[in-house]
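1. here is my input; please provide its structure:
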Amino acid sequence: MIDILTSILPEQLQAALRHSGLESSNLILAIDYTKSNTVCLIRYESYLSTDSVIHILGRTLEAFDDDKLIPAFGFGDATTGGRACFPFLTNGDVCVGFDQVLQRYNQITPGIVLSGPTNFAPVIHEAIRVCQAERSYHILVIDTMEKFDDQLPSRRFDNFQFVEYAKMLRFNRVNPEVGFATAALMEIPEQYKLIRKLGML
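-> Below is the predicted model of the structure:
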């Protein structure tokens, strides 16, 4: 799969992902509410919003999500700190489609007090729990200002992909949304194939 595509439509990106081997995927979304997320370049302020990330990835990935059920969590706020994460919906409910994820994000975010530290462990453990319970392939999207992919220790295969949003938008001025989505998802097909090969699905 071509790493960076600059002139295709979201539907064409979906077709490229299917051609590369991705058959279906469930989604989990985690939003970083630490104070680090208040820092952004003014020049790219309109692009660096979480709303944009949810919208861009939602347009591309929702076609692969058969049930449209999306567990969404926040972490790093003053209530949970680095110890836990909280669900966007209570009583065990999950969002139905990216539109509801975005709606809930806009509803709850004004009342959240940003804090820290940045700790991905709670949402990763929650994602593992969801995968074990449902026995299906999931993509965990973590929206954060922290870079961590290159700092991870060696492992059986590369199952993390960090994308610097502002850098991708500077690089791809023709179709920035598709360029960002392509960069974020370019390792998914190979990961999916390897997981199937290892008998984990």
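
2. how long is stretch 35-51 from one end to the other?
-> End-to-end distance for stretch 35-51, by C-alpha to C-alpha, to the nearest Å: 17 Å.

3. could you pick out the longest helix of this structure?
-> helix 121-134 (DSSP state H).

4. please identify the buried residues of it?
-> Across helix 121-134, burial judged by 16 or more other C-beta atoms under 10 Å covers 122-124, 126-127, 130-131. Bear in mind the C-beta positions are built from the backbone N, C-alpha and C, glycine included.

5. for the closest residue in space to Thr80 that isn't next to it in sequence, phi and psi?
-> In space, and not counting its chain neighbours, Thr80 is closest to Phe86: 5.6 Å by C-beta to C-beta, 6 or more residues apart in numbering. Dihedral pair for Phe86: phi -130, psi 140, per degrees, to the nearest 10.

6. pull the contacting residues for Phe86.
-> 73-75, 77, 79-80 (C-beta atoms under 8 Å, 6 or more residues apart in numbering).

7. please apply the same query to Ile124.
-> Contacts of Ile124 by C-beta under 8 Å, 6+ apart are Leu140.

8. tell me which element Leu89 falls in.
-> Secondary structure assignment for Leu89, by DSSP states H and E: no helix or strand.

9. what's the neighbour count on it?
-> 15 (other C-beta atoms under 10 Å).

10. how much space separates it from Gly74?
-> Distance from Leu89 to Gly74, counting by C-beta to C-beta, to the nearest Å: 11 Å.

11. let me know the helix or strand that Asn106 is in.
-> Per DSSP H and E: helix 97-108 holds Asn106.
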